[in-house]
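*Asks:* The following comprises the amino acid sequence and a computationally predicted model.
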Protein chains: 4
Amino acid sequence: MRKLRAGIVGGGQGAFIGAVHRIAAELDNEARVVAGAMSSDPEKAKASAEAWHLDRSYDSYETMAAEEAKMEDGIDFVIVATPNNLHLPVAGAFLNAGIHVVCDKPLASSLADAQELGEIVAGSGRLFALTHTYSGYPMVREARDFVASGRLGDLRKVQVEYNQDWLMEPLERQGNKQAEWRTDPARSGISCCVGDIGTHAKHLVEFVTGRKVQAVCAELTSFVEGRQLDDDASMLLRLEGGARGTLVCSQIACGEENGLNIRLYGSKAGIEWHQMEPNTLQVKPAGKGWERFRTGAGYLGEAAARAARTPAGHPEGYLEAFANIYRDFMADVRRVAAGEAALCDYPGIEDGIRGMRFVQAAVESSGNGASWVEI
Amino acid sequence: MRKLRAGIVGGGQGAFIGAVHRIAAELDNEARVVAGAMSSDPEKAKASAEAWHLDRSYDSYETMAAEEAKMEDGIDFVIVATPNNLHLPVAGAFLNAGIHVVCDKPLASSLADAQELGEIVAGSGRLFALTHTYSGYPMVREARDFVASGRLGDLRKVQVEYNQDWLMEPLERQGNKQAEWRTDPARSGISCCVGDIGTHAKHLVEFVTGRKVQAVCAELTSFVEGRQLDDDASMLLRLEGGARGTLVCSQIACGEENGLNIRLYGSKAGIEWHQMEPNTLQVKPAGKGWERFRTGAGYLGEAAARAARTPAGHPEGYLEAFANIYRDFMADVRRVAAGEAALCDYPGIEDGIRGMRFVQAAVESSGNGASWVEI
Amino acid sequence: MRKLRAGIVGGGQGAFIGAVHRIAAELDNEARVVAGAMSSDPEKAKASAEAWHLDRSYDSYETMAAEEAKMEDGIDFVIVATPNNLHLPVAGAFLNAGIHVVCDKPLASSLADAQELGEIVAGSGRLFALTHTYSGYPMVREARDFVASGRLGDLRKVQVEYNQDWLMEPLERQGNKQAEWRTDPARSGISCCVGDIGTHAKHLVEFVTGRKVQAVCAELTSFVEGRQLDDDASMLLRLEGGARGTLVCSQIACGEENGLNIRLYGSKAGIEWHQMEPNTLQVKPAGKGWERFRTGAGYLGEAAARAARTPAGHPEGYLEAFANIYRDFMADVRRVAAGEAALCDYPGIEDGIRGMRFVQAAVESSGNGASWVEI
Amino acid sequence: MRKLRAGIVGGGQGAFIGAVHRIAAELDNEARVVAGAMSSDPEKAKASAEAWHLDRSYDSYETMAAEEAKMEDGIDFVIVATPNNLHLPVAGAFLNAGIHVVCDKPLASSLADAQELGEIVAGSGRLFALTHTYSGYPMVREARDFVASGRLGDLRKVQVEYNQDWLMEPLERQGNKQAEWRTDPARSGISCCVGDIGTHAKHLVEFVTGRKVQAVCAELTSFVEGRQLDDDASMLLRLEGGARGTLVCSQIACGEENGLNIRLYGSKAGIEWHQMEPNTLQVKPAGKGWERFRTGAGYLGEAAARAARTPAGHPEGYLEAFANIYRDFMADVRRVAAGEAALCDYPGIEDGIRGMRFVQAAVESSGNGASWVEI
């Protein structure tokens, strides 16, 4: 069982998400990042690769895809950590070269791009994972089991929110690179806030409930003067099976760091989870006291148990959740290499396309003055 | 400075809100409940009055209003604690008899009734308080001061919610009196959940922010089969001055007791308050750590200071908040008696009429498939 | 069933505890405070009585005891809300006059006084309640039931603490009356912090566990320069049945308001309660998730159910807890008047004497350099 | 800047702490574990090494030390992850071979061993780190800065506790390896609970306050029948400079996972930190609301900033804290290799010896019936 070999495109110096991918991919000793095209700036690409002790550094992702595909010990998969508008060409290049892909979310900067990428994935027969990280937390997996086992009863009501404040000032006009591309329609697409974090919230709802969001009635707002894309959104949701809900996301919610929170209410119980205290899942059975489930505890289901690395009470965080996405993906990489069927138990291309449909529906609804738009 | 004399209509045995009114009215030693028409059932009216040691018990509110108005030591004000549809006739009878009124919310079972009551109040020259209790909490008053002082900056975003679960089963068909009248259009009006608790949430928003909710885009649902009125609602809000928000209320949110929570986000700070831990106000200044304000602490403003009865760390609860509404109302009763101008620093008839407009707008919006409806 | 008549000694203007007693005694409409000797300063006594609308005001407690005992409609019981050193003479005067007593804690300023008072109580045949308020909270009563029912298993370990910060500066030299008498050995006795709040913590342990604290090993400290009595203490505890524990109390714990917290660990479960969020009891069953019990919920035992006045989710606070002590005491007053046996289900004279023994043992242990001293 | 090469002794399959060391050492891409003697059982040693993709596996630590010292590309440092009684011989062998050491705590199974190891470290001139992991958390480092900067004022009072429940049943007689060696005097030394986790709590106090614990007055207990070593302890503490405190540790505190909590009270502020919610530091300034500091926030000091890998709101956990100890240690390894002076800003041999003195003092104090024993 050799370690897998990974490559990365993007994620060079200055982009925190690059190191996050590396740590997550390598955490369980199953893979090593060996090659990269870490920046479109050749100097920066080289320096980033050296800092990471990569075996091979490339100036362009096209070269990298072509070269790695030819090598006997080329990479098993590539990590795409670029702005949204590059996801399609970069991922496409590697898929077409026969290399599996792990891609940042949202899937693309437009639905058309997303759908094109979907066709490439389908045609390639390669694996594709989308890093909706939050589904990697042990207690999110326990929540999914809780719903699937029937302990929630019929799902009636969803409240999900993802509030941040990092864009509450016009950082895009103050030299912040992250803010620049995210608020720029050319690189980010038709939405900033809904695309960047609303898609996480929507994915979390579908992941935990097992039900699709069917329609949205949304109001998107740009609170910071001069900003071209939304920095805040509120929506009503209709889900398969008759459940109703709200989704709130914001990048101008003063004082909020990374407040992704979900509450579900069923006919037998409710559940609640907060990303910033991720090791606790609050269970609210009808007519009884709330029960607090905790990462690493012996009473959890198999999925949550597998997703934890330490005994209860040793907090597991964002990096470990991220690593769980990689772990499941890499197990599939090994399965495929062994000629077995992939399990695909991680967010994939369909989630990505649905995510783009969701963004488009939200933008359209808001443009119509908050009409219901189906996804 | 004699104690004021209060009367009560409704609130007889079995209705927890009756005792709440009595305790709240008498807590500060400023008033005594001396008379009542506590039930439409004469036996129950009598027994209730005896249990309360009332000086005078009446079989009908009409008689009570007429008699008390004639007495030299008649009541100074009456408490209306009946189902919604009786608020107009009962309050009207006392106002027309020259007696001040404290009335349960929502103001009436229809907007037409509410408006008629508004005219009676205006014509009577008497005081009218509506028991939006939650505005009586010290930390809600601190929150109002915080916004008014400019420390929040420009209000951008509101999230308010009021979730309960007591109607998650069809209690109205299982002999529960509270559930029966609240889910009965004849007594409750056009809405159950929005009328009963959504109005509290909406009032809280306007009370704390000092801004009106201008329009709603709502989806109301009846999750319990056979129920005629809504037991759950989600809405988008537009407020004066450009703020946006959501309002969620539910009586079927499994595991929630009385979860009234509000979050505001401005250009300089955010604030957050939870009714079930009412002695804490979370303040979230931009770029700094959250600051926790606490009831009874020396650093609070005058309004919060006046609203607390014990030193910090001695929890004040729902009854004390209720008593604060009475305290401010009764101070006005004394002012009017002394020929001074009333301050009216408590929820009143205008809040009640606006509340009914809000209910009507929410119902109308939902009926239209969630269009924006102005209040 | 007439209302009971209460009198009060002490508690005049400026002492917050006076109003607390009045509110608590009157909250449930079972009693009215009608007479008082509210201050040793006759002007202040008179003004305080008028502000409270008392029927009768006295210049001295001796006169009050004598007069009230003679009246047909004299007081049924008296509230003693004076500094510690007056508890014996005041309570003694009323007991000897045949009048029941509710007394502030600690019982006295010395063990000798406490024991003398114990003899007077015994000789008088009158009822005596000591206001260890915290045992009045619904969730404290649920905790007691939890232990008594065997759900905790064998008690092994106790952690109790009561931290405040109000004496962290030398307020007694800055004109603060409360600080003056509490830090003055002549009025307060041999301890400030242990006597004032350590006794509450120790009582809470015994109340909830049903086991006596048998011995203490203590270190008392005066952190504020020039202070004669302790303002902080830490102790090891040995309880009946082999349980071990710690008790920490402080009046100089910067940032703490009124932080009385208790944790118990048994062979089957643990429990935890915090006075500042009194409506929650955390239950920690072995091998399962923590369960959160809440005031007013339907799943609680009878004692907790009786102690709540509102439905779950309507916070009950300190005043309501205090009122529960009064409610149980007043039920006994009626029983005795009816010739029935008293239940005495509230802190009484024995708790008071044990409390004084505890203070003496703690002071003695600390004086010996922290030796074990039996209570 | 090549990656450092690490070796490991112990930590083979079944010991969760092995993987924790590997992840922590490798997390920041600064080192790779390349060699190991992972078990005294040769089969298990080999299988463990293969599972980890080690370059070199040894049957004995003696061979490993000798061989690695001779190689040009031998390990830079070794990780000692064995039971306590092997720390001295294993660490000694590597130090004597000129190899730096990272060692699990407590330092040894006896004070004599600890002191002997101290002499070896001193004689070797090699670096020695002791994994008091909890000092690696960003907010613990912020807490240290807070105290050092004078914002706490004079330290008055400490409350530290470390409660677990994993030994509440006699696991050592049910085949649990971890329980077996920890409760066995031959391998664990004179204490189980105080040695295993009490030393963490005591180290945390000294790390954050910058003051030594001078004396303890302790009671150690074995609650589980037949157990030879303590599974619970409570102590009074005296610190340099006059501060007082308590330390509680337990392995039988039903429902507690890994509850290491510390509270400090000074003359200007208090602070509080909970290991299970490690990204929050509660600051309690005198006369103001509590302020909540958070990992990754921009307002923190340099030490906390350096210790975080992700933006605020992305929870960092136990593994990241552990990695921070490694990061600082490995920076010293590079400094020493470059001929520079080591900074030694991580727990080291002196902390380890003091930890053993603390264990001995606690055991002695308890044996004397809780007398004060100096450390």
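*Replies:* All right, it came through fine.

*Asks:* Buried residues, stretch A:70-79. List them.
*Replies:* Neighbour counts over stretch A:70-79 (16 or more other C-beta atoms under 10 Å in any protein chain shown) mark A:74-79 as buried. All C-beta spots, glycine's among them, are computed from the backbone N, C-alpha and C.

*Asks:* now, which of these sits nearest chain B?
*Replies:* Nearest to chain B among the buried residues of stretch A:70-79, counting by C-beta to the nearest C-beta, is A:Ile79 at 32.5 Å.

*Asks:* per-residue confidence for that closest one?
*Replies:* In this model, A:Ile79 is scored at 98, pLDDT.

*Asks:* Need the three-state assignment for it.
*Replies:* strand (DSSP: H, G, I helix; E, B strand; the rest coil).

*Asks:* quick one: A:Val283 is in a strand?
*Replies:* Yes - with three-state DSSP as the criterion, A:Val283 is part of a strand.

*Asks:* which ones are touching it?
*Replies:* A:Val283 makes contacts with A:146, A:269-271, A:290-293, C:289, as judged by C-beta atoms under 8 Å, 6 or more residues apart in numbering or on different chains.

*Asks:* now the residue lying closest to it once chain neighbours are set aside: how far from A:Tyr346?
*Replies:* Leaving aside its chain neighbours, A:Val283 sits nearest to A:Glu291 (4.4 Å; criterion: C-beta to C-beta, 6 or more residues apart in numbering or on different chains). Applying C-beta to C-beta, to the nearest Å, the value for A:Glu291 to A:Tyr346 is 28 Å.

*Asks:* ok, those two, which is more surrounded?
*Replies:* Comparing A:Glu291 with A:Tyr346 by other C-beta atoms under 10 Å in any protein chain shown, the one with more neighbours is A:Tyr346, at 25 against 21.

*Asks:* per-residue confidence for that one?
*Replies:* Model confidence at A:Tyr346, given as pLDDT, is 96.

*Asks:* my read: it touches A:Ala129, true?
*Replies:* Yes - using C-beta atoms under 8 Å, A:Tyr346 is in contact with A:Ala129, at 5.0 Å.

*Asks:* shared neighbours of these two, anything?
*Replies:* Common neighbours of A:Tyr346 and A:Ala129 (criterion: C-beta under 8 Å, 6+ apart): A:325, A:329.

*Asks:* The residue nearest to A:Ser267 when sequence neighbours are not counted: neighbouring residues, count only.
*Replies:* Once flanking residues are discounted, A:Ser267 sits nearest to A:Gly153: 3.4 Å by C-beta to C-beta, 6+ apart. Neighbour count for A:Gly153, taken as other C-beta under 10 Å: 17.

*Asks:* what sits against A:Gly153?
*Replies:* Neighbour list for A:Gly153: A:266-269, B:254 [criterion: C-beta under 8 Å, 6+ apart].

*Asks:* ok, now which ones touch A:Arg294?
*Replies:* Per C-beta under 8 Å, 6+ apart, neighbours of A:Arg294: A:139, A:279-281, A:312-313, C:289, D:257.

*Asks:* Please apply the same query to A:Tyr265.
*Replies:* Going by C-beta under 8 Å, 6+ apart, A:Tyr265 touches A:155-158, B:163, B:165, B:250, B:252-256.

*Asks:* how near is it to A:Val147?
*Replies:* According to C-beta to C-beta, A:Tyr265 stands 11 Å off from A:Val147.

*Asks:* Show me the common contact partners of the two, please.
*Replies:* Residues touching both A:Tyr265 and A:Val147 (C-beta under 8 Å, 6+ apart) are A:Leu155.

*Asks:* the helices in chain A, which residues?
*Replies:* Using DSSP state H, the helices of chain A run over A:16-26, A:42-51, A:61-70, A:87-96, A:111-124, A:138-148, A:177-182, A:185-188, A:193, A:199-209, A:302-306, A:318-337, A:349-367.

*Asks:* Of these, which is nearest D:Arg5?
*Replies:* Set against D:Arg5 and scored by C-beta to C-beta, those come closest in helix A:16-26, at 16.3 Å.

*Asks:* before we move on, back to that, weed out the non-buried ones from the contacts of A:Val283.
*Replies:* Listed as buried from the contacts of A:Val283 are A:146, A:269-271, A:290-293, C:289; burial here means 16+ other C-beta under 10 Å.

*Asks:* List, one by one, the residues from chain A near chain D.
*Replies:* By C-beta under 8 Å from any C-beta of the partner chain, the residues of chain A that approach chain D are A:2-3, A:16, A:19-20, A:22-23, A:26-27, A:29, A:52-53, A:164, A:166, A:256-259, A:275-279, A:294, A:296-297, A:309-320.

*Asks:* Just the buried ones out of those, please.
*Replies:* The buried subset of the residues of chain A next to chain D - by 16+ other C-beta under 10 Å - is A:19-20, A:22-23, A:26-27, A:52, A:164, A:166, A:256-259, A:275-279, A:294, A:296-297, A:309-320.

*Asks:* Go through these and flag which are in strands.
*Replies:* Among those, the residues falling in strands (DSSP state E) are A:259, A:294.

*Asks:* what bridges to A:Ile8?
*Replies:* A:Gly36, A:Ile79 (DSSP bridges).

*Asks:* can you list the contacts of A:Gly153 in TSV and add pLDDT?
*Replies:* Formatted as TSV, the contacts of A:Gly153 follow (pLDDT from 0 to 100):
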residue	pLDDT
A:Gly266	98
A:Ser267	98
A:Lys268	98
A:Ala269	98
B:Cys254	98
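
*Asks:* A:Ser124 contacts A:Leu95, doesn't it?
*Replies:* Yes - between A:Ser124 and A:Leu95 there is a contact under C-beta under 8 Å: 4.1 Å.
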